[in-house]
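[1] give me coordinates for this.
(4 chains)
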Number of protein chains: 2
Amino acid sequence: MAAKSSKRSQRTGASVPEPRGEPPLSLDRIVATAVELLDAEGLDGLKMRRLADRLGSGVMSLYWHVDNKEDVFDLALDSVLEYRGTIGSQDWRADVLHMLEDWRASMLRHPWSASLLPRRALGPNILARLELLSKTLSGAGVADADLNVAIWSLWNYVMGATITRSSFDLSDADRASGQQRVEHHYPTIERSGLLLDDDWDGVFRKGLDFLLDGLAPR
Amino acid sequence: MAAKSSKRSQRTGASVPEPRGEPPLSLDRIVATAVELLDAEGLDGLKMRRLADRLGSGVMSLYWHVDNKEDVFDLALDSVLEYRGTIGSQDWRADVLHMLEDWRASMLRHPWSASLLPRRALGPNILARLELLSKTLSGAGVADADLNVAIWSLWNYVMGATITRSSFDLSDADRASGQQRVEHHYPTIERSGLLLDDDWDGVFRKGLDFLLDGLAPR
DNA sequence: ACCTGAACACCGTTCAAGT
DNA sequence: ACCTGAACACCGTTCAAGT
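    Presented below is the predicted three-dimensional model:
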């Protein structure tokens, strides 16, 4: 899968046009490849040397395009948060639900992104999502004084749900062993099978509905 | 999670009072010092060598008490999540609010803990908190079928709020520069001053109230 | 403008060894 | 049972240099 071994296998002497060589380095290629690597190996799997390997370049070549590793994280994160949807139906609540479901889905497609987002400065794509959300709620009649509370409450909920799901997803074994450790010690949790529950989508949607009920303009 | 196999010996009985030097290494001392170091330097600041330095021992001495660095993280995290409160008033909603505020406060006291919690297996102290929460909600009349939804919704909200706050807290400069970048591009956000809002406690409480309204047994 | 290898200052952990 | 230094296999980044 990892098409490494791209150790520049062109030793035909003359500098003929690259037959199948790598295209030249560019910021876009670096970011796209970083996302691939992060998807495949997780947050800890992104190493500058490994990224360079995938790109068929030397490690230090990356540093001409990028300041440092944090830069790579920021760019990869924002690239994954682009919003391509539209809004403008007559139903503000449907619009909001769609935006938040899409946001969550984008992060779940790249399980490293959710836990990274709160730690980094907000990039243009996430700001655009917040702007759209604000505009929709404001247009629906949420008073200015209530707007920030609404936005941050939704942010908190979506981020918590997505971080939790994408982290727990990685370790089903842990959950099973957790449920086992629970037996005889935590009777209520044991009875409800809390740690075995995996209706993530349903839970997400129901909690979100409760929040929107409360936030809805009256 | 660490089930520290056979280790653990408590110095029983009378030995010579410590002559000014460091007390001997012990799991408890290691965990307590790790928490101090994490509080002072953040998640990235915990290094085995630095931890050993603080303890006045060689690095490798730690590895007799602990399997690896992840072990240290797990133990530090759980130690910070202990719940010392009581419940049992007649007001289930007050009980729940108190438990969740206390949980959040514990994590905010150790800003590295919130972002760590979703990534690790659930330790005994957080399980005890979940058990208490489940029991309270169940006793208040939440049907078994609704219990997991209630717990996970609250979990999502509390974790999202706490992770966000403890992360953003570290970088007020980022928020200011974020608000600056926002000007002229994101009018609704600019007008509401979303990124400058710092009524974290108020936002937390209001969103939580909305959730509880929805989750409350009818 | 763009790319590179050598080298530095780390860091977690294995190992063989000491008491 | 408990602790240790030397050594290994990394990793991000600086630097001087190449085209």
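
[2] tell me where chain A has helices.
    With DSSP state H as the definition, chain A shows helices at residue ranges A:27-41, A:48-55, A:62-65, A:69-80, A:92-109, A:113-116, A:124-140, A:144-169, A:172-182, A:187-192, A:200-215.

[3] compare those helices and say which comes out lowest on pLDDT.
    The stretch with the lowest mean pLDDT among the helices of chain A is helix A:172-182, which comes in at a mean of 75.

[4] what's it in contact with?
    For helix A:172-182, the external contacting residues (C-beta atoms under 8 Å, 6 or more residues apart in numbering or on different chains) are A:168, A:189, A:190, A:193, A:195, A:196, B:1, B:121, B:122, B:124, B:127. (Each C-beta comes from the backbone N, C-alpha and C, glycine too.)

[5] narrow these to those that are buried.
    For the contacts of helix A:172-182, burial is judged from neighbour counts taken by 16 or more other C-beta atoms under 10 Å in any protein chain shown, and it is met by A:168, A:189, A:190, A:195, B:1, B:121, B:122, B:127.

[6] tell me the domain boundaries of chain A?
    Partitioning chain A according to automatic domain parsing yields domains covering residues A:2-80, A:92-215.

[7] out of those domains, nearest to residue B:132?
    Smallest distance to residue B:132 across those (C-beta to C-beta): 8.6 Å, for domain A:92-215.

[8] endpoint to endpoint, the closest one covers what distance?
    One end of domain A:92-215 to the other measures 12 Å (C-alpha to C-alpha, to the nearest Å).

[9] chain center to that domain, what's the gap?
    In terms of C-alpha atoms, centre = their mean, to the nearest Å, the centre of domain A:92-215 is found 12 Å from the chain centre.

[10] quick one: contacts for residue A:109?
    Residue A:109 makes contact with residue A:80 under the criterion C-beta under 8 Å, 6+ apart.

[11] from DNA strand C, how far off is it?
    Distance of residue A:109 to DNA strand C, given as C-beta to the nearest atom of the strand, to the nearest Å: 29 Å.

[12] format the contacts of helix A:172-182 as a markdown table; extra columns: distance to residue B:200.
    Putting these into a markdown table (distance: C-beta to C-beta, whole Å) gives the following:
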| residue | distance to residue B:200 |
| --- | --- |
| A:168 | 26 |
| A:189 | 29 |
| A:190 | 35 |
| A:193 | 34 |
| A:195 | 29 |
| A:196 | 33 |
| B:1 | 30 |
| B:121 | 28 |
| B:122 | 25 |
| B:124 | 29 |
| B:127 | 27 |
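
[13] rebuild the residues you listed as CSV, extending it with distance to DNA strand C.
    Putting the contacts of helix A:172-182 into CSV (distance: C-beta to the nearest atom of the strand, whole Å) gives the following:
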residue, distance to DNA strand C
A:168, 22
A:189, 30
A:190, 32
A:193, 33
A:195, 26
A:196, 29
B:1, 15
B:121, 16
B:122, 21
B:124, 23
B:127, 25
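
[14] and the furthest pair within those?
    Every pair in the contacts of helix A:172-182 was compared (C-beta to C-beta); the two farthest apart turn out to be A:193 and B:1, at 19.6 Å.

[15] if we can go back for a sec, dump the helices of chain A to CSV, plus distance to DNA strand D.
    As requested, the helices of chain A are arranged in CSV below (distance: least, C-beta to the nearest atom of the strand, whole Å):
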stretch, distance to DNA strand D
helix A:27-41, 10
helix A:48-55, 4
helix A:62-65, 5
helix A:69-80, 4
helix A:92-109, 22
helix A:113-116, 14
helix A:124-140, 23
helix A:144-169, 21
helix A:172-182, 24
helix A:187-192, 33
helix A:200-215, 31
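
[16] what does chain A have sitting close to DNA strand C?
    Applying the criterion C-beta under 7 Å from any atom of the strand, the portion of chain A that neighbours DNA strand C consists of A:8, A:24, A:25, A:57, A:58, A:59, A:60, A:61, A:63, A:64, A:65.

[17] what number of residues lie near the third one?
    Neighbours of residue A:25 under the rule other C-beta atoms under 10 Å in any protein chain shown: 18.

[18] phi first, then psi, for it.
    Comment: the main-chain dihedrals of residue A:25 come out as phi -60, psi 140, following degrees, to the nearest 10.

[19] ok, the second one next?
    Taking degrees, to the nearest 10, you get phi -70, psi 160 for the backbone angles of residue A:24.

[20] over to residue A:185?
    Reported as degrees, to the nearest 10, the phi and psi values for residue A:185 are phi -110, psi -30.

[21] give the contact list for it.
    B:124, B:127, B:131.

[22] from residue B:131, how far off is the nearest residue to the second one once chain neighbours are set aside?
    Yep, that's residue B:127 we're talking about. Nearest residue to residue B:127 in three dimensions, chain neighbours excluded: residue A:186, at 5.6 Å (C-beta to C-beta, 6 or more residues apart in numbering or on different chains). Counting by C-beta to C-beta, to the nearest Å, the gap between residue A:186 and residue B:131 amounts to 4 Å.

[23] cool, residue A:42 as well?
    Residue A:42 sits 31 Å away from residue B:131, going by C-beta to C-beta.

[24] which one's more surrounded, these two?
    Here residue A:42 and residue B:131 are set side by side on neighbour count (other C-beta under 10 Å), and the busier one is residue B:131, at 18 against 12.

[25] test my guess that the more buried one contacts residue A:189.
    Yes - the pair residue B:131 and residue A:189 qualifies as a contact (C-beta atoms under 8 Å) at a distance of 5.2 Å.

[26] what subset of the residues of chain A next to DNA strand C is buried?
    For the residues of chain A next to DNA strand C, burial is judged from neighbour counts taken by 16+ other C-beta under 10 Å, and it is met by A:25, A:57, A:65.

[27] is the second one in contact with residue A:26, as I believe?
    No - Residue A:57 is beyond contact range of residue A:26, at 10.9 Å (criterion: C-beta under 8 Å).

[28] coming back round to it: among the helices of chain A, single out whichever gets nearest to residue B:204.
    Across the helices of chain A, the minimum distance to residue B:204, taken as C-beta to C-beta, is reached by helix A:144-169, at 7.6 Å.

[29] same question for the closest one: list its buried residues.
    Under 16+ other C-beta under 10 Å, the buried positions of helix A:144-169 are A:146-168.

[30] ok, stretch A:211-218 next?
    For stretch A:211-218, burial by neighbour count (16+ other C-beta under 10 Å) applies to A:211, A:212, A:214, A:215, A:216.
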